[in-house]
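In: Starting from these lines, generate the structure:
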Amino acid sequence: MNRADVIDVLGQFIRLKKRGASYIANCPFHNEKTPSFYVSPAKGIYKCFGCGKGGNVVTFIQEHEKLTYPEAIRWLADYYKIELVESERTPEQQQQQLAEEGLRILNEYATNYFQEMLLSDEGMAIGMSYFRQRGFRKDIIDKFRLGYSPEASDAFFKTAYQKGYSTELMEKSGLIKNRNGGWYDAYRGRVIFPIQSMTGRILGFGARILKTNDRAPKYINTPENELYVKSKVLYGMYQSRTAISKLDECFLVEGYTDVISLHQGGVENAVASSGTSLTEDQLRLIGQLTKNLTILYDGDSAGIKAALRGLDMALGQSFNVQLVLLPEGEDPDSFVQKSGSEKFHQYVKEHKQDVISFRLEVGLHDAGNDPVKRSKLVNEVAESISRINKAEDFALQGHYIREAARKLSVEEAGLVNLVNKYIRERLDNDKRHRQNEEDRMPPEPEIAEEEFSEQLPGMQQHAGEAEQEWHLVRVLIEYGYMPYEDHPNVAELVHQRVDPELIDNKQARQLFDLYFDYRTMHNSTPDMSYFVSYPDQGIQHRVATLLQHRHDVSPKWMENYGIEVIHGEPNYIPEVESTLTYFELKKLKLVLAELWERIGQEKDIQRLMLMQQKLLQLKKEEADIVKKMGTVIVR
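Out: Take a look at the predicted model:
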């Protein structure tokens with residue numbers, strides 16, 4: 001945890017931009033167009049102010065890659081080349097681990113098996129010959145972990161079964177199939193393309209047949225399961241993620257070999273959709289690293305049609321989408337191998353087209369003078385333009401409307417109306433969809449964010465009170481170790497002046513007690529990382545929310561207005577004093593309330609007079625505190 005840098009780790013998955021002392025990005029956990037995901041390198045935390053997710057590097061890896069806590073720790077250890085010392089597992093523990101990790105372990109085993117088989121006599125003669133024919137070097141074959149499945153009908157099944165892998169798990173992963181009561185290898189006689197997640201985990205496989213067989217499909221893929229969902233993966237994302245982020249551009253191609261050849265040719269920011277139309281989940285993966293998407297397709301009619309699928313969705317997610325059609329008869333694989341990376345980049349630069357211009361060019365060529373086809377094209381182009389976010393890209397939408405109206409020979413005002421019609425229809429559909437979703441959902445509990453809160457009997461905690469309690473916890477975590485006048489530190493001051501019983505919120509009280517339990521046990525104040533890395537994810541999330549500030553004061557504030565705004569550690573003393581004063585006032589008000597109740601019940605005149613004198617004294621103390629706080633008590 002000390003070695004892991006939150007910017008370094010999260011930067012492998014999302015494109016971070018510096019803003020003040022923090023970094024911002026589009027959240028990888030939900031769709032958004034305006035960044036609301038904040039990362040604090042000083043505190044080692046992240047927080048999304050859109051969907052609410054927050055935590056540290058471990059929770060990010062857990063959430064993003066769907067790993068358990070130990071798996072996330074192993075991932076970080078592997079990333080930083082730190083050796084983990086683990087206790088030896090009993091056979092029962094091994095079985096438990098096998099059950100928990102299931103498909104992931106099997107897929108990793110299968111990948112290693114296929115890699116070994118590629119180096120066997122049969123693999124070298126058939127599989128390696130195919131890869132060499134494609135021009136793949138050994139380092140590229142190793143980089144993408146390419147393999148080969150032997151032609152024997154059950155070679156993999158027998159080996160894996162002997163290693164203890166169950167037939168149910170192998171069938172679920174798509175590695176074997178059942179026919180007439182017997183098991184056989186699904187990928188026999190094929191070269192294997194492992195499909196990896198952004199962190200390198202094996203999610204599934206693509207397998208290409210090498211022999212001519214009219215009855216067998218050229219490519220087969222892993223069936224969808226808990227790990228592999230075709231619409232949520234992009235081939236080559238693991239190998240390309242660093243280059244995509246660095247170059248701020250992603251090339252999207254169709255097939256596995258296109259990605260591999262581009263990498264071999266020095267174009268390392270390429271991924272493949274594996275023949276599927278672009279999906280929201282795939283766009284989200286790319287959008288974590290860049291908003292510049294360039295789609296490369298063959299110059300034939302099938303490639304042109306494929307290029308038009310899913311692009312409206314990319315426009316709707318504020319992508320800068322460009323398209324490049326390669327020369328007739330060429331694909332990215334053949335083109336980069338013939339021309340090299342320099343000529344490839346030059347060609348891409350010269351032949352890039354935006355989505356609307358591309359759709360107009362292709363559509364006008366296809367429609368010719370046919371009025372029906374031209375009318376259909378007008379509607380298609382208007383719908384595409386309507387996908388552009390008018391609030392964010394007003395000038396761009398206007399530019400496309402003018403250009404489209406000119407090229408389609410239609411009135412600009414009419415095209416504007418058509419574009420607005422599609423916008424209204426989509427908004428109405430979205431509204432109906434949300435309403436239907438809400439109707440199907442069970443009613444939410446009255447307490448959502450504060451599900452951990454617990455009120456005193458007969459009392460309801462005011463939102464402002466909860467906020468003050470959380471403010472106390474934040475002050476402790478951030479400034480507890482700092483010196484304070486005659487006290488060794490802020491924590492000692494808080495310990496003396498705050499009665500824990502005044503903290504009504506259950507989780508705030510839990511954090512308060514954790515802080516002082518640690519202080520008692522270790523004779524020192526816990527640092528921020530103790531809470532940021534606390535095993536309880538609920539506490540991690542809450543601490544991330546407390547410590548991550550969404551807005552930083554502009555460095556131009558002093559320069560432009562002559563006003564210096566001090567915040568953070570230099571300003572901690574007023575923050576501490578303000579927080580403590582609130583709790584002193586709260587305690588005083590409770591005493592006053594109790595005294596009022598006793599006065600109402602008291603019959604003895606002498607005692608009643610003493611109580612009234614005490615009441616006046618307490619009211620004066622209350623007024624002094626209120627004056628000190630600069631607030632007004634509303635009665």
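
In: Name the residues of stretch 500-512 that come out as buried.
Out: Buried residues in stretch 500-512, defined by neighbour count with 16 or more other CB atoms under 10 Å: 502-505, 507-512. The C-beta positions use only the backbone N, C-alpha and C, and glycine is treated the same way.

In: try stretch 530-550
Out: Buried positions in stretch 530-550, judged by neighbour count with 16+ other CB under 10 Å: 531-534, 539-549.

In: Stretch 147-155 now?
Out: For stretch 147-155, by 16+ other CB under 10 Å, it's 147-150, 154-155.

In: And the furthest pair within those residues?
Out: G147 and D154 (17.2 Å; CB to CB).

In: what's the burial count for M521?
Out: Number of residues near M521 (other CB atoms under 10 Å) recorded here: 9.

In: Can you give me the distance of it to V490?
Out: 19 Å (CB to CB, to the nearest Å).

In: ok, now K158?
Out: According to CB to CB, K158 stands 67 Å off from V490.

In: what's the answer for S386, then?
Out: Distance, S386 to V490, using CB to CB: 56 Å.

In: With K246 instead?
Out: Distance of K246 to V490, given as CB to CB: 43 Å.

In: Between these two, which is the more surrounded one?
Out: Between K246 and V490, V490 has the larger neighbour count (other CB under 10 Å), namely 24 against 13.

In: Do I have it right that that one meets E478?
Out: No. The pair V490 and E478 does not pass the contact test of CB atoms under 8 Å, sitting 9.1 Å apart.

In: residue contacts, I220?
Out: By CB atoms under 8 Å, 6 or more residues apart in numbering, I220 lies in contact with 186-187, 190, 206-207.

In: so which pair among those is furthest apart in space?
Out: Pairwise distances across the contacts of I220 peak at 11.9 Å for A186 and G206 (criterion: CB to CB).

In: picking up where we left off before, out of the buried residues of stretch 147-155, name the ones that lie in strands.
Out: 147-149 (DSSP state E).

In: Mind pulling up the pLDDT for E425?
Out: At E425, the model reports a pLDDT of 86.

In: Which secondary structure element is home to it?
Out: Counting by DSSP states H and E, the element that carries E425 is helix 412-440.

In: Just give me how far stretch 212-232 sits from the chain centre.
Out: Distance of stretch 212-232 from the chain centroid (CA atoms, centre = their mean, to the nearest Å) equals 27 Å.

In: now the end-to-end length of it.
Out: In stretch 212-232, first residue to last residue: 31 Å (CA to CA, to the nearest Å).

In: Buried residues, it. List them.
Out: Going by neighbour count (16+ other CB under 10 Å), the buried part of stretch 212-232 is 220-222, 227-228, 230.

In: Stretch 518-531 now?
Out: Using 16+ other CB under 10 Å as the test for burial, stretch 518-531 gives 518-519, 525-526, 528, 531.

In: same thing with stretch 206-213?
Out: Going by neighbour count (16+ other CB under 10 Å), the buried part of stretch 206-213 is 206-209.

In: Distance from the chain centre to it, please.
Out: Worked out by CA atoms, centre = their mean, stretch 206-213 lies 36 Å from the chain centre.

In: what residues does that stretch touch?
Out: 126-127, 130, 149, 186-187, 189-193, 195, 216-222, 235, 256, 274.

In: Among the buried residues of stretch 206-213, which one sits closest to G174?
Out: For the buried residues of stretch 206-213, the residue nearest G174 by CB to CB is A207; the value is 9.5 Å.

In: who's that closest one bridged to?
Out: Beta-bridge pairing of A207 under DSSP bridges involves I192, I220.

In: Roughly how far does it sit from F114?
Out: 9 Å.

In: And for S384?
Out: S384 is 42 Å from F114, where distance means CB to CB.

In: what about those two, which has more around it?
Out: Remark: of S384 and F114, F114 carries more neighbours, 27 against 23, as counted by other CB under 10 Å.

In: State the helix or strand in which the more buried one lies.
Out: Counting by DSSP H and E, F114 is found in helix 91-118.

In: any idea which helix or strand comes after that helix?
Out: Using DSSP H and E, the next helix or strand after helix 91-118 towards the C-terminus is helix 121-123.

In: Of all the residues in the next helix-or-strand element following that next one, which ones are buried?
Out: Using DSSP H and E, the helix or strand that follows helix 121-123 in sequence is helix 129-133. Within helix 129-133, the residues scored as buried using 16+ other CB under 10 Å are F131.

In: Sort out for me which of the buried residues of stretch 530-550 are in helices.
Out: Judged by DSSP state H, the buried residues of stretch 530-550 include 531-532, 539-547 as members of helices.

In: any chance of these in TSV, plus pLDDT and distance to F335?
Out: Conversion of these to TSV gives the following (pLDDT from 0 to 100; distance: CB to CB, whole Å):
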residue	pLDDT	distance to F335
F531	75	54
V532	71	49
I539	75	54
Q540	72	48
H541	73	48
R542	77	53
V543	77	52
A544	75	47
T545	74	50
L546	74	53
L547	73	50
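
In: shaky segments in the stretch 301-450 of the chain?
Out: Scanning the stretch 301-450 of the chain for pLDDT under 70 picks out 301-310, 389-393, 434-450.

In: Recalculate using a threshold of 80.
Out: With pLDDT under 80 as the threshold, the stretch 301-450 of the chain has low-confidence stretches at 301-313, 315-318, 328-329, 355, 362, 388-396, 426, 430-450.

In: and what of the stretch 51-200 of the chain?
Out: Along the stretch 51-200 of the chain, the parts satisfying pLDDT under 80 run over 65-69, 85-101.

In: now do the stretch 501-635 of the chain
Out: Checking the stretch 501-635 of the chain against pLDDT under 80 turns up 501-505, 507, 527-635.

In: And the strands in it?
Out: Using DSSP state E, counting those that start in this stretch, no strands are found in the stretch 501-635 of the chain.

In: now swap in the stretch 151-300 of the chain and tell me
Out: Going by DSSP E, counting those that start in this stretch, the stretch 151-300 of the chain shows strands at 176-179, 182-185, 190-196, 202-209, 219-221, 250-253, 270-272, 292-297.

In: can you tell which of those is closest to K421?
Out: strand 292-297 (27.1 Å).

In: so what secondary structure elements neighbour that closest one?
Out: For strand 292-297, the packing partners by 3 or more CB pairs under 8 Å, 6 or more residues apart in numbering; DSSP states H and E come out as strand 250-253, helix 301-308, strand 320-325, helix 332-351.

In: tell me the mean pLDDT over it?
Out: Confidence over strand 292-297 (mean pLDDT, whole number) is 88.

In: Okay, now the sheet partners of that strand, with direction.
Out: Strands that pair with strand 292-297, judged by DSSP bridges, come out as strand 250-253 (parallel), strand 320-325 (parallel).

In: Mean neighbour count, those strands: which tops it?
Out: A comparison of these by mean neighbour count, using mean count of other CB atoms under 10 Å, puts strand 250-253 on top with a mean of 27.

In: Now it: average pLDDT?
Out: For strand 250-253, mean pLDDT rounds to 92.

In: Show me the contact partners of it.
Out: With contact meaning CB under 8 Å, 6+ apart, strand 250-253 is reached by 240, 244, 259, 262, 267, 269-273, 278, 286, 289-290, 292-297, 332, 348.

In: of the residues you listed, buried ones?
Out: For these, buried by 16+ other CB under 10 Å: 240, 244, 259, 262, 267, 269-273, 278, 286, 289-290, 292-297, 332, 348.
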